[in-house]
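Enquirer: Fold the following for me, if possible:
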Amino acid sequence: MTFSLPSLPFSPGALAARGMCQETLELHHGKHHQAYVTALNGLVDKNDVLKGKSLEDIIRLAHGRDDLAPVFNNAGQHWNHSLFWNSLSPEGGGVPGSLEKKLTADFGGVDKFKEQFKAAALGQFGSGWAWLILGTEGRLKITKTGNAGTPVATREGKALLVIDVWEHAYYVDFRNRRADFVDNFLAKLANFEFAAAQLAAA
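Expert: Numbers count the residues shown, from 1 in each chain. This is a model prediction of the structure:
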């Protein structure tokens, strides 16, 4: 199985008016994400155990193994970024009623969810991710992972939405102001419609 870079679900310039310029997406998607895919394919090609396995299976197989750390890093980054593109929208920021109801039930309201999500994104030291997931017990929860860490590896639940807090995700637009990037994501970019659809599918 050869992995490939997924197409963006919008044009590279579609988010410019929402705080993520075309240069950011061209670098992030076309350079960074492509590099992870290329590296992963090279590593899988050299390892007969990995050939033919799904991306999720490769992530779980490589998780916690020092000898497969490069595999895990590139596979995790490929999976995480693929979800991140779907977590963005030119019409982002609006929370549909079905998701609002669940956020209210599990967090006490949309604003409280956003506060906790922002705290996770800012509390992730260095590079990483903040996630909204549907836990195995059926409740929504927020988690964070460092570097290429992903809920796929830990089987914590189904990922519904993610924000990339590696500096390459926001440095062109926000320099070192991660807090401003997270605020902008929640207000203008977050594809809560996608999260709601993921929740319904679960």
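Enquirer: distance of the closest residue to residue 4 other than its chain neighbours from residue 172?
Expert: Nearest residue to residue 4, sequence neighbours excluded (Cβ to Cβ, 6 or more residues apart in numbering): residue 37, at 6.5 Å. C-betas here are computed from N, CA, C, even on glycine. In this view, residue 37 and residue 172 are 21 Å apart by Cβ to Cβ, to the nearest Å.
Enquirer: about what we covered before: and the residue nearest to residue 4, what is it in contact with?
Expert: Shown in contact with residue 37 (Cβ atoms under 8 Å, 6 or more residues apart in numbering): 3-5, 74, 78.
Enquirer: what pLDDT does residue 1 get?
Expert: Looking at residue 1, its pLDDT is 77.
Enquirer: hmm, back to that, what would the contacts of residue 37 look like in a markdown table with neighbour count and distance to residue 106?
Expert: Formatted as a markdown table, the contacts of residue 37 follow (neighbours: other Cβ atoms under 10 Å; distance: Cβ to Cβ, whole Å):
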| residue | neighbour count | distance to residue 106 |
| --- | --- | --- |
| 3 | 19 | 34 |
| 4 | 11 | 35 |
| 5 | 16 | 34 |
| 74 | 25 | 33 |
| 78 | 26 | 29 |
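Enquirer: tell me which residues in stretch 163-177 are buried?
Expert: The neighbour-count criterion (16 or more other Cβ atoms under 10 Å) identifies 163-166, 169-174 as the buried residues of stretch 163-177.
Enquirer: Show me which parts of the helix ranked longest in the chain are buried, residue by residue.
Expert: The helix that spans the most residues within the chain, counting by DSSP state H, is helix 69-86. By neighbour count on 16+ other Cβ under 10 Å, the buried set for helix 69-86 is 71-86.
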